[in-house]
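Asker: Pasting the sequence and the predicted model now:
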Amino acid sequence: MQTAQQQQQPLAVAGAVDSPPDPPSSHGSAAGASRAPFSPSTLQGRDITYLMPPSPAAGGRNGLDYRPSIKRAQGQVPACLVNASVTYCGDDQIYAFGGFDQYTDEVYNHVLRLDLKSLRWELVDNFGAIPGVRMGHTATFYEGNKLIVFGGENEHRENLSDVVILDIKTSTWTQPEVRGPVPQKRARHAAVIYQDKLFIIGGVTGENNVILDDLSYLDLKTWTWSRTWSFAARYDHTAWVWRDRLWIFGGLGPDMERTTDLWWLDLKGSPSLGINSSQGTVDSPSPRNRMTYRLGAAASPSQQSPSRSGGYTANSASVQVRTFSRRRPTAPGAISCVSFQSGPQMPTLLSGTRFQAYASGALLDLITPSETARPYQCNLSSLDLDTLRWQRLADGPEIFSLGYRWHYCTINTSGTKAWLLGCNLNAAGNTPGFSDENHMSEILCIDLEKYGLLGNELSATVLDQSSSQATNQPGSPLVSGLGADLLAVFDQPPESGSGTDFIITADPIDPDDLDSTEDGSSTPRSQPEFLSPNAVTSPPIHVHRIILQLRWPHFKRLYSAQMAEYHAKRMHIPEPYSVVRAFLYYLYTDSISGHPEYCSATTDVAGMLVMANLYDMPRLRLLCVHRLSRELDVENAAIIWERASRTNEEWLMRRAAQFCLAHWGRIVRTDGFKSLARQSLIELCEVVDTDGRIVAGPELEIMAALGSDGLGLHAGSKRSRLALAGIVGDDLDEVDDEEIEGMDVS
């Protein structure tokens, strides 16, 4: 995606007010300022303002849109094996191990490597204590060069509990000598490493196929197993650790249904779990009575194999269930559980092949096309683990193309990219070396940053800042460490001893941003002194040149070239005063979290998004997109849409447009909508007019209350049909089902 700065022509910027500017240069003017046509001595005593480049005009987008790309892999392409392990192992490499071939009834112990740069599969020659064939195991990446494999089942349907380690650099297998009570043999469990401990959760085991609800860990420093505790009965699920909590989601529970239960165990302060933390735990409900669950007798791999036309989906299950009581000791630490019943953004559980994974402080839920689900029924959603709110990040047609099936998903360690591995259903018989669709030849790469995800490292920083602000006492600094120290001298005049040596001004303060005093006069909310609202520029913002040079590449280039600003020690940025202050606050603190004085307003964050694109600051751009996508509401949706369209943020613009469509009757009454330029109003109306319609207030409230897809109604429900027909309020419950049969709602 091009930035707004790349799309503009070279910028010619005014020099001194009382002196004609230099002609713009096709090279030098790109720095955003003109060279001073006179010496520093001639500048003394003059009140001179210098201009930074203005933000791009609205409607300047070029129509480009991000869509994940599908690429074909070459080399020794593996079959679409069932219950293999597919793991991202750094350096743009994915390792696949084991699995069951549904067409040949074979279970493998092959190691294959996919190089994501060359897009080639390679069968890895491996040595040492090579493990036997298996499926339903876990392979967990550890210490940057190891894969730790645990459990699974072999070709004889025998469950395993061994631990084997693949050294990726030498392709050598080793089997450590473990001590302690080895957990039950199992398959289709979940595993996650945290603080040098391999946690094993759930799975199925034994000839009777018992669904396990247990939890144990292997200390990877001493190779000692812990005891086993009861947690939650689950298999084919996902597990991860975030903020000292062990989380599980997805998979199948005792009723053989996809579950919506989210469980987490607080690991802090539990000596039994050996986690290096002494902080308190959160309150949680008492854990429910524990049960173990027995599956019906499962078929052998050969019996499970369907016909080629049937299409066996990787990692799926079709078994029966019955239960019997058994008490188990409960895992130490606070256990909590949330069950999601319904919601407008919650992903459906009824269609598609789905994958779940952790990234950037959120659980990603990806529903992909299958024989029973078309792309329009699929989507990418995220569950914010801090607020436990679901968000729809993208609809299926924005990601998926027809004619593909996806069998595995893996995410890089930074949480910024995801890869789906699958096959092209239309390539059968047309590609040399491929007899049918049973090959993992297709790779779909999804850039998660395009959907507002920050990445694991940056997300942790932002969440820590938010937590710090939420727990601070009144009067205490809202940022910590060096940022708090710098904030103490931000925008303080030099005579106060702050050491500020540069002045930034912005556009005049809007009268709406002023507070009235007792005598009827007005002062800026954020700075109760200096200029009136009719001034040419805003009040001065006192800053330090060294901080601007270190944190703002555009300013560094400008200052190194000794532009006019270098001599005058002053510049003007033609953006709103509150936006410029919020931008400078970010330069000082590396944060855009909701500081009550500097960037509490979402509209200021939207303005910073424009500046981030104009000055090519990708980190700030990502922070702004992330926050705007989560603070989208009726009051600011139109402004966010307009700023996103300025900066070519197609995903954010699409989300804001969909929100405007769902709440159009209220959006058009907001000050944000009325503040848009005429051209922006026309464009937004054109976007919404494609599918939208104006609805009355009572009808709108009914739609909001019933909430789901689009305008918030299930198309086939009685209440939705009545609401769309104009029957609202108490009249809804007075209409019999017979009266709405055949009701035609246009």
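Answerer: Great, that's in hand.
Asker: I'd guessed residue 93 sits against residue 119; true?
Answerer: No - with contact defined as CB atoms under 8 Å, residue 93 does not count as touching residue 119 (11.7 Å). (C-beta placed from N, C-alpha, C; glycine too.)
Asker: isn't residue 225 right next to residue 177, touching?
Answerer: No - proximity of residue 225 to residue 177 does not meet the contact threshold set by CB under 8 Å, at 11.9 Å.
Asker: which neighbours do these two share?
Answerer: Counting by CB atoms under 8 Å, 6 or more residues apart in numbering, no residue touches both residue 225 and residue 177.
Asker: Which of those two has more residues huddled nearby?
Answerer: Set residue 225 next to residue 177 and count neighbours by other CB atoms under 10 Å: residue 225 wins out with 20 against 6.
Asker: partner residues bridging the more buried one?
Answerer: Counting by DSSP bridges, residue 225 forms beta bridges with residue 218.
Asker: what residues are up against it?
Answerer: For residue 225, the contacting residues are 178-183, 216-219, by CB under 8 Å, 6+ apart.
Asker: Most neighbours among these, please name it.
Answerer: That'd be residue 217 among the contacts of residue 225, by other CB under 10 Å, with 29 neighbours.
Asker: and it, how far is that from residue 137?
Answerer: When distance is defined by CB to CB, to the nearest Å, residue 217 is 17 Å away from residue 137.
Asker: likewise residue 439?
Answerer: According to CB to CB, residue 439 and residue 137 sit 22 Å apart.
Asker: neighbour-wise, which of those two wins?
Answerer: Higher neighbour count among residue 439 and residue 137: residue 137, with 27 against 21, using other CB under 10 Å.
Asker: ok, that one touching residue 160?
Answerer: Yes - using CB under 8 Å, residue 137 makes contact with residue 160 at a distance of 7.2 Å.
Asker: where do the contact lists of those two overlap?
Answerer: Residues touching both residue 137 and residue 160 (CB under 8 Å, 6+ apart): 151-152, 187.
Asker: just the buried members of the residues you listed?
Answerer: Using 16 or more other CB atoms under 10 Å as the burial test, the shared contacts of residue 137 and residue 160 include 151-152, 187 as buried.
Asker: and the residues you listed as JSON lines, adding pLDDT?
Answerer: As requested, these are exported to JSON lines (pLDDT from 0 to 100):
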{"residue": "151", "pLDDT": "96"}
{"residue": "152", "pLDDT": "96"}
{"residue": "187", "pLDDT": "96"}
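Asker: Nearest to residue 454 among the residues you listed?
Answerer: residue 151 (33.4 Å; CB to CB).
Asker: before we move on, back to that, return the member of the shared contacts of residue 137 and residue 160 nearest to residue 461.
Answerer: Scanning those for proximity to residue 461, where the rule is CB to CB, the winner is residue 151, at 35.4 Å.
Asker: Remind me which helix or strand that closest one belongs to.
Answerer: Element membership of residue 151, judged by DSSP states H and E, is strand 146-153.
Asker: Okay, buried residues for the helix or strand following that strand please.
Answerer: Sequence order places strand 159-167 as the next helix or strand after strand 146-153, per DSSP H and E. Of the residues in strand 159-167, 159-166 count as buried by neighbour count, 16+ other CB under 10 Å.
Asker: What's the first helix or strand after strand 159-167?
Answerer: In N-to-C order, the element after strand 159-167 by DSSP H and E is strand 172-174.
Asker: CSV please, covering the buried residues of strand 159-167 and showing pLDDT.
Answerer: As requested, these are arranged in CSV below (pLDDT from 0 to 100):
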residue, pLDDT
159, 95
160, 96
161, 95
162, 96
163, 97
164, 97
165, 97
166, 97
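Asker: Next, give me the two most distant ones among those.
Answerer: Farthest apart among these by CB to CB are 159 and 166. That separation is 20.7 Å.
Asker: What residues sit buried inside stretch 124-132?
Answerer: 126, 131.
Asker: That stretch spans what distance, first to last residue?
Answerer: From its first residue to its last, stretch 124-132 covers 16 Å (CA to CA, to the nearest Å).
Asker: residues in contact with that stretch?
Answerer: 95, 109, 111-113, 149, 154, 162, 164, 166, 170-175.
Asker: Buried subset of those residues as a PyMOL selection?
Answerer: Selection of buried members from the contacts of stretch 124-132 for PyMOL, criterion 16+ other CB under 10 Å:
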select buried, resi 95+109+111+112+113+149+154+162+164+166+173
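Asker: For residue 193, state which of the contacts of stretch 124-132 is nearest.
Answerer: Closest to residue 193, out of all of the contacts of stretch 124-132 and judged by CB to CB, is residue 149, at 12.5 Å.
Asker: I figured residue 71 hits residue 119, correct?
Answerer: Yes - assessed by CB under 8 Å, residue 71 is found in contact with residue 119 at 5.7 Å.
Asker: Those two: which has the busier surroundings?
Answerer: residue 119 (15 against 11).
Asker: Now that one: closest residue in space that isn't a chain neighbour?
Answerer: Counting by CB to CB, 6 or more residues apart in numbering, residue 73 is the residue found nearest to residue 119 once chain neighbours are left out, at 4.8 Å.
Asker: For residue 504, give me its contacts.
Answerer: Counting by CB under 8 Å, 6+ apart, residue 504 has contacts 540-541, 543, 570-573, 580, 584.
Asker: Could I get the residues you listed in TSV, plus columns for secondary structure and pLDDT?
Answerer: Formatted as TSV, those follow (DSSP: H, G, I helix; E, B strand; the rest coil; pLDDT from 0 to 100):
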residue	secondary structure	pLDDT
540	coil	92
541	strand	94
543	strand	94
570	strand	90
571	strand	89
572	strand	91
573	coil	91
580	helix	94
584	helix	94
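Asker: Present those residues as JSON lines; the columns should include distance to residue 685 and neighbour count.
Answerer: Shown next, in JSON lines, are the contacts of residue 504 (distance: CB to CB, whole Å; neighbours: other CB atoms under 10 Å):
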{"residue": "540", "distance to residue 685": "40", "neighbour count": "18"}
{"residue": "541", "distance to residue 685": "37", "neighbour count": "22"}
{"residue": "543", "distance to residue 685": "41", "neighbour count": "22"}
{"residue": "570", "distance to residue 685": "42", "neighbour count": "17"}
{"residue": "571", "distance to residue 685": "37", "neighbour count": "25"}
{"residue": "572", "distance to residue 685": "34", "neighbour count": "22"}
{"residue": "573", "distance to residue 685": "31", "neighbour count": "26"}
{"residue": "580", "distance to residue 685": "30", "neighbour count": "24"}
{"residue": "584", "distance to residue 685": "35", "neighbour count": "23"}
